[in-house]
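[1] Next one to model:
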Amino acid sequence: MALPTHILLLYGYLLLFLWVLVEQAGLPLPAVPVLLAAGALSAEHELSFPLSFFAGLAASLLADTAWFLIGRRYGHHVLRILCKLSLEPAVCVRQTQNSFASRRAVTLVIAKFVPGLATLAPPVAGENGMAMAQFLLYDGIGSSLWVGGLLTVGRLFGDALKRDPSLLNLVGRFSGALLILGIVGFFLARIYRRELFLRKLVDARLDPEELKRQLDAGEEVFIVDLRHPLELLPDPYTLPGALHLTPEALAARISEIPRDRDIVLYCTCPSEATAAKTALILHKLGIERVRPLRGGFEEWKRRGYPLDAIAPAQPLVQVVSGAH
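    So this is what the prediction gives:
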């Protein structure tokens, strides 16, 4: 018998526990194929359905409780790190916090079924001061539905195999390939959603003419120069009022970025790649009005639009407060 049933039979509940624990800890290792396989094996009495359920539930609750306590202690700092690691552009801190604020219990119950939300929901609950007992109740319900549902689907499939034993040989022969395909499909789906978001971001790019009109009209625009310091040596100029920050420094000072105006990012890389990737990070951190500048610095300069000589570095918070 091939993977994943073979490794489940060999390592049993310990493997199931560790696999679910690793996934719920935030690593992109899908536990769905293993839970389905455990459910199917329970139909053959190779594994116990109740013990499989307990192992999966215990792993899920352990990981979630750890994230809950980390969120309570470190708050937005850990959420920012999780968002940067996440492949899910549709789930960000701001969206999770809004969902949690309006329906705390429902968010925890359904979190396991929403890609990206399963890892973010527990630390958001901790950051918002939710009581431990309340968290364990609703998170336990959601984890039970998730683990129990997958095991049940696998059990039904296992029952079908019992009625038609010829299917068992077929599944056993190809189960390893099915597991690999499942994991590959998991990653490809996430990467596809990420690329889809980046394509939408391309459509949201700001033309240099439009930015110049905004500046000439006195509109408040928050402009960030993302160029590498070495790129400034031969051309020590920035767009009017722009701040020069690395993507990492910008994300680290997320609380200082205004939410009431466009955030314009520019660089010199092809297709505004750095600006697009930084926009993706900011979007997941709750900054929605982010627009890469079409053509970046070179296009702005080519059109002969005004530039400012690079001034000494100044605190971001002073610029933001002075703009109000």
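[2] avg pLDDT for the host helix or strand of Ile141?
    Per DSSP states H and E, Ile141 falls inside helix 132-163. When pLDDT is averaged over helix 132-163, the result is 89.
[3] residues of it that come out buried?
    Neighbour counts using 16 or more other CB atoms under 10 Å place 135-136, 138-140, 142-144, 146-148, 150-152, 154-155, 157-158, 161 of helix 132-163 among the buried residues. C-beta here means a position set from N, CA and C on the backbone, and glycine is covered the same way.
[4] which SS state does Ile223 fall under?
    Classification of Ile223 by DSSP: H, G, I helix; E, B strand; the rest coil places it in strand.
[5] give me the number of residues near the closest residue in space to it that isn't next to it in sequence?
    Residue nearest to Ile223 in three dimensions, not counting chain neighbours: Ala242, with 4.0 Å by CB to CB, 6 or more residues apart in numbering. Close neighbours of Ala242, defined as other CB atoms under 10 Å, add up to 24.
[6] State the distance from Ala242 to Leu215.
    Shown here: Ala242 relative to Leu215, a distance of 11 Å by CB to CB, to the nearest Å.
[7] shouldn't Ala58 be in contact with Phe17?
    Yes - with contact defined as CB atoms under 8 Å, Ala58 reaches Phe17; the gap is 6.5 Å.
[8] ok, the two, which is more surrounded?
    More neighbours surround Phe17 than the other of Ala58 and Phe17, with 20 against 17 (other CB under 10 Å).
[9] which helices and strands sit right next to the helix or strand containing that one?
    Per DSSP H and E, Phe17 falls inside helix 5-24. Helices and strands touching helix 5-24, as assessed by 3 or more CB pairs under 8 Å, 6 or more residues apart in numbering; DSSP states H and E, comprise helix 32-43, helix 49-74, helix 166-203.
[10] lowest-confidence stretch among these?
    Note on the helices and strands packed on helix 5-24: helix 166-203 shows the lowest mean pLDDT, a mean of 63.
[11] And the helix or strand just after that one, how far out from the chain middle?
    Using DSSP H and E, the helix or strand that follows helix 166-203 towards the C-terminus is helix 208-216. Put simply, helix 208-216 sits 33 Å off its chain's centre (CA atoms, centre = their mean, to the nearest Å).
[12] mind checking how far the nearest residue to Ile254 once chain neighbours are set aside is from Ile263?
    Residue nearest to Ile254 in three dimensions, not counting chain neighbours: Leu285, with 5.2 Å by CB to CB, 6+ apart. Leu285 is 11 Å from Ile263, where distance means CB to CB.
[13] Then Lys212?
    Distance of Lys212 to Ile263, computed by CB to CB: 17 Å.
[14] again, but for Ala31
    Ala31 sits 37 Å away from Ile263, going by CB to CB.
[15] can you check Tyr11 too?
    49 Å.
[16] These two: which is more packed in?
    Set Tyr11 next to Ile263 and count neighbours by other CB under 10 Å: Ile263 wins out with 22 against 13.
[17] and the more buried one, what are its bridge partners?
    Note on Ile263: beta-bridge partners Phe222, Val290, judged by DSSP bridges.
[18] That one and Val224 touch, don't they?
    Yes - Ile263 lies in contact with Val224 (CB under 8 Å); the separation is 6.9 Å.
[19] Count residues in the vicinity of Asp207, would you?
    Using other CB under 10 Å, the number of residues around Asp207 comes to 13.
[20] tell me the pLDDT at it?
    90.
[21] cool, and the one 3 residues further on?
    Per-residue confidence (pLDDT) for Glu210: 93.
[22] cool, the one 4 residues further on as well?
    According to the predicted model, the pLDDT of Gln214 comes to 92.
[23] And it, how far from Ile310?
    Look at Gln214 and Ile310: by CB to CB, they are 22 Å apart.
[24] next one: Lys284
    30 Å.
[25] Equivalent analysis for Ala131, please.
    Distance from Ala131 to Ile310, by CB to CB: 51 Å.
[26] Could you do Leu16 as well?
    Going from Leu16 to Ile310 by CB to CB gives 57 Å.
[27] Show me which of the two is the more surrounded one.
    The residue with more neighbours, out of Leu16 and Ile310, is Leu16; 27 against 14, by other CB under 10 Å.
[28] what's the neighbour count on the closest residue in space to that one that isn't next to it in sequence?
    Computed as CB to CB, 6+ apart, the closest residue to Leu16 that is not its neighbour in sequence is Ala55, at 4.7 Å. For Ala55, the count of nearby residues is 25 (other CB under 10 Å).
[29] No further queries at this time; thank you.
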